[in-house]
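Q: no sequence for this one, just the structure:
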């Protein structure tokens, strides 16, 4: 039946206390969307396949949700190639600790001439 069976209208879904998001419920129990019901190992395998399929879209995949963001930012922030303009933005790009820990190498490209 899926997780939408009782709440076709999103306004009828009760709000959770956390950030005002709506949570689907069935009586007293929360119903997870299908993605969250998959085992973690399977989700990680899916991430690996997606990352290998089109590496140029990793930043797009990181914007799907928090779980995807954590996974794909570890890949995108591992090796950074910056020019002088982008180097000035490094403090903003790597503002949070998780991103700082993901950075292994920074390459600085300087244009001569």
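A: Perfect, I can see it now. Just so it is clear, the structure is predicted and the values come from calculations on it, not from any experiment.

Q: Is the spatially closest residue to residue 38 that is not a sequence neighbour within a helix or a strand, and which one?
A: Distances taken as CB to CB, 6 or more residues apart in numbering put residue 46 closest to residue 38, at 7.9 Å, once the chain neighbours are dropped. Bear in mind the C-beta positions are built from the backbone N, C-alpha and C, glycine included. Residue 46 belongs to helix 40-53 when assigned by DSSP states H and E.

Q: Could you identify the helix or strand that succeeds that helix?
A: helix 58-62.

Q: Pull up the gap between the residue nearest to residue 38 and residue 70, please.
A: According to CB to CB, to the nearest Å, residue 46 stands 14 Å off from residue 70.

Q: got it, and residue 61?
A: Distance, residue 61 to residue 70, using CB to CB: 11 Å.

Q: List phi and psi for residue 82.
A: In terms of degrees, to the nearest 10, the main-chain angles of residue 82 are phi -120, psi 150.
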